[in-house]
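Asker: Predicted model and sequence follow; I will ask about them next.
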Amino acid sequence: MEKNRIIIFDTTLRDGEQTPGASLNAEEKLQIARQLEALGVDAIEAGFPHSSPGDMEAVKRVSKYIKRPIICGLARATGKDIDSAYQALKKAARPRIHVFLATSKIHREFKLHKAKDEILRLAVEAVKYARKKLPDVEFSPEDASRTEPDFLRAVVEAVIKAGAGTVNIPDTVGYAVPDEFGGLIKYLKCNVPNIDEAVISVHCHNDLGLAVSNSQAAVMNGARQVECTMNGLGERAGNASLEELIMGIRMRKDHFKGLFTDIRTKDLYKTSRLVSKLTGIVVQPNKAIIGENAFSHESGIHQDGVLKKRVTYEIIRPEDVGFQGTRLVLGKLSGRHAFSNRLQKLGYDLREEELNLAFKRFKELADKKSIIYDDDLAVIVDAGMSSVPETFKLYDFTVTSGKKTIPEAVVEIRKGQEKYSAKGSGDGPVDACFKTVDKALGLKGKLVDYKVEAVTGGKDALGEAHVKIDFSGKLVIGRGSSTDVIEASVLAYVNAINRLHQTGNKKVK
Ligand code: KIV
Ligand code: ZN
């Protein structure tokens with residue numbers, strides 16, 4: 001392996017999915033995995049197979065179809081977890097088992113109730129066991145950054161000897177700061193005798209907003225794999241954001257002394273959007289690299305500067321990360337050929353029936369909206385590629401509301417030939433619709449989160465609604481889009497019900 005190449009290990013589908021409220025089904029994970037493969041990541045951690053049947057299925061599905069990158073399954077340091085990971089990875093072309101066990105004093109004493117020698121023994125046994133199953137094994141001493149350095153050194157040496165080809169040093173609780181974390185990697189590089197027999201990886205969390213900086217400090221000190229997620233998703237405040245990490249290394253080659261990755265940066269924006277759409281976690285507008293504001297210049301002085309010479313206020317060319325802006329593209333009279341041409345230029349490779357469906361939605365939208373932008377097209381295509389079967393369809397709805405009237409809704413939902421309709425009221429038009437859908441289907445959903453965003457500008461902009469609903473303790477997300485935000489909201493609600501139904505929930509008719 002080239003000594004300056006940084007291996008990008010994407011954990012969007014595992015740690016990223018641990019983002020509160022984000023949950024992906026197997027088909028959605030596969031959709032993201034395909035995009036991560038196109039983006040050029042080296043390894044995809046597809047899930048934690050022993051944790052749930054859903055994760056087992058997702059890792060199996062990703063293993064079956066994604067062939068270039070390494071596909072990794074997470075496992076605790078137990079035989080059962082390792083067996084499950086192995087089972088899930090059977091069809092992978094390049095399988096890897098990632099075993100983890102906490103090593104810090106806090107975790108040893110309060111979580112595991114085990115002494116140092118016991119931890120060391122379990123770690124070595126687990127790595128040896130995983131190595132009997134597969135040649136590619138990664139080990140993570142969880143909470144490494146709060147582990148006594150000398151004990152960490154001993155664990156790293158022992159697991160390499162036991163056969164771990166990658167040793168990952170997690171800053172599990174995001175406690176480290178860059179100098180110190182870089183120093184820890186250097187310490188391991190200098191004091192573990194067999195360190196060159198393994199790749200040193202890092203996995204940083206963002207509790208102090210330092211995940212990317214800590215990862216970058218680590219690569220400057222010899223780490224050659226970085227674990228990161230798209231949009232910085234992950235447990236609590238998230239993981240190191242892939243897009244920030246990559247662009248930092250690329251834009252500041254001078255500082256990073258020739259380190260590089262194989263990421264196709266032009267795919268960053270598209271990947272970010274897909275992940276946001278499927279997880280339901282909206283990207284903050286001022287997010288570095290892929291936020292909507294990352295390339296807009298508000299102040300007159302800045303606008304003037306950029307017009308005179310772009311580099312005055314813009315260090316990254318938007319097109320280098322695939323940011324197209326809201327380019328005016330098509331209208332009502334555009335034909336199928338122009339439509340499919342534009343989709344191809346945007347990087348969509350649709351099958352015939354997907355194209356037909358997308359074109360139908362395009363025509364419906366063009367009836368309501370005079371100008372269709374690239375971002376609208378992305379919504380149209382993504383909606384058609386939804387992996388949630390539309391078992392329940394919003395057939396019709398009407399809602400009345402006003403300053404002095406109680407909002408009332410009438411809703412009709414169809415499931416094949418079966419019709420479910422009801423009339424109801426609520427605190428506002430959206431609430432009235434949601435409650436009436438519940439009444440029609442005999443459900444009781446509690447709205448936990450609700451967002452509507454305009455996909456593009458203008459009064460006739462396409463609105464995208466995201467909902468998170470609690471159906472008797474089961475959290476489900478849903479999304480819908482329409483030029484009418486109430487319709488987008490009801491579609492999102494029905495989409496959440498379809499997801500609930502897909503998981504086999506008996507409460508849905
Ligand atoms: O944050 C962490 O320590 C982890 C490990 C499982 C690698 O996610
Ligand atoms: Zn983590």
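Answerer: That came through fine. Ligands and ions are numbered 1, 2, ... in the order given.
Asker: Hmm, Q35 is touching L268, no?
Answerer: No - with contact defined as Cβ atoms under 8 Å, Q35 does not count as touching L268 (10.5 Å). The C-beta positions use only the backbone N, C-alpha and C, and glycine is treated the same way.
Asker: Could you tell me which residues of this protein lie near ligand 1?
Answerer: D15, F100, S140, E142, N168, P170, T172, H203, H205 (Cβ under 6 Å from any ligand atom).
Asker: Of these, which belong to strands?
Answerer: The strands in this structure, assigned by DSSP state E, contain F100, S140, E142, N168, P170, H203 from the residues of the chain next to ligand 1.
Asker: Quick check: nearest residue in space to the fifth one, chain neighbours excluded?
Answerer: The shortest distance from P170 to any residue other than its chain neighbours is 4.1 Å, reached at H203 (Cβ to Cβ, 6 or more residues apart in numbering).
Asker: tell me the contacts of the one you found?
Answerer: H203 makes contact with T11, D15, S140, N168, I169, P170, D171, T172, E227, N239, A240 under the criterion Cβ atoms under 8 Å, 6 or more residues apart in numbering.
Asker: can you pick the most crowded of the residues you listed?
Answerer: Greatest neighbour count in the contacts of H203, by other Cβ atoms under 10 Å, goes to N239: 35 neighbours.
Asker: List the backbone torsions phi and psi for the residue nearest to that one when sequence neighbours are not counted.
Answerer: Among residues not flanking N239 along the chain, T229 sits closest, at 4.4 Å (Cβ to Cβ, 6+ apart). When quoted as degrees, to the nearest 10, the phi and psi of T229 stand at phi -130, psi 150.
Asker: Contact partners for T229?
Answerer: Neighbours of T229 in contact, by Cβ under 8 Å, 6+ apart: D10, T11, T12, D15, G16, G238, N239, A240, S241, L242.
Asker: now, which of these lie within helices?
Answerer: L242 (DSSP state H).
Asker: can you redo the contacts of H203 as TSV with pLDDT?
Answerer: Output for those, formatted as TSV (pLDDT from 0 to 100):
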residue	pLDDT
T11	98
D15	97
S140	98
N168	98
I169	98
P170	98
D171	98
T172	98
E227	98
N239	98
A240	98
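Asker: wait, what's in contact with the closest residue to G445 other than its chain neighbours?
Answerer: Closest residue to G445 apart from its sequence neighbours, by Cβ to Cβ, 6+ apart: I469 at 4.3 Å. Going by Cβ under 8 Å, 6+ apart, I469 touches G445, K446, L447, V448, L475, V476, I477, G478, Y493, A496.
Asker: For those residues, could you give me a markdown table that also reports pLDDT, neighbour count and secondary structure?
Answerer: Shown next, in a markdown table, are the contacts of I469 (pLDDT from 0 to 100; neighbours: other Cβ atoms under 10 Å; DSSP: H, G, I helix; E, B strand; the rest coil):
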| residue | pLDDT | neighbour count | secondary structure |
| --- | --- | --- | --- |
| G445 | 94 | 22 | strand |
| K446 | 93 | 13 | strand |
| L447 | 93 | 16 | strand |
| V448 | 89 | 13 | strand |
| L475 | 80 | 17 | strand |
| V476 | 85 | 23 | strand |
| I477 | 84 | 22 | strand |
| G478 | 88 | 24 | strand |
| Y493 | 96 | 27 | helix |
| A496 | 91 | 27 | helix |
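Asker: what's the closest of those residues to ligand 1?
Answerer: Proximity of those to ligand 1 (Cβ to the nearest ligand atom) peaks at L475, which lies at 21.1 Å.
Asker: in the sheet, who's paired with the closest one?
Answerer: Beta-bridge partners for L475, by DSSP bridges, are D470.
Asker: Would you confirm that it contacts G21?
Answerer: Yes - counting by Cβ under 8 Å, L475 touches G21, with 6.7 Å between them.
Asker: Tell me the residues that contact both of those two, please.
Answerer: With Cβ under 8 Å, 6+ apart as the test, L475 and G21 both reach V448, K468.
Asker: and the next element down the chain from the lowest-mean-pLDDT helix or strand in the chain?
Answerer: When the helices and strands of the chain are scored by mean pLDDT, DSSP states H and E, strand 328-331 comes last with a mean of 70. Tracing the chain past strand 328-331, the next element assigned as helix or strand by DSSP states H and E is helix 336-345.
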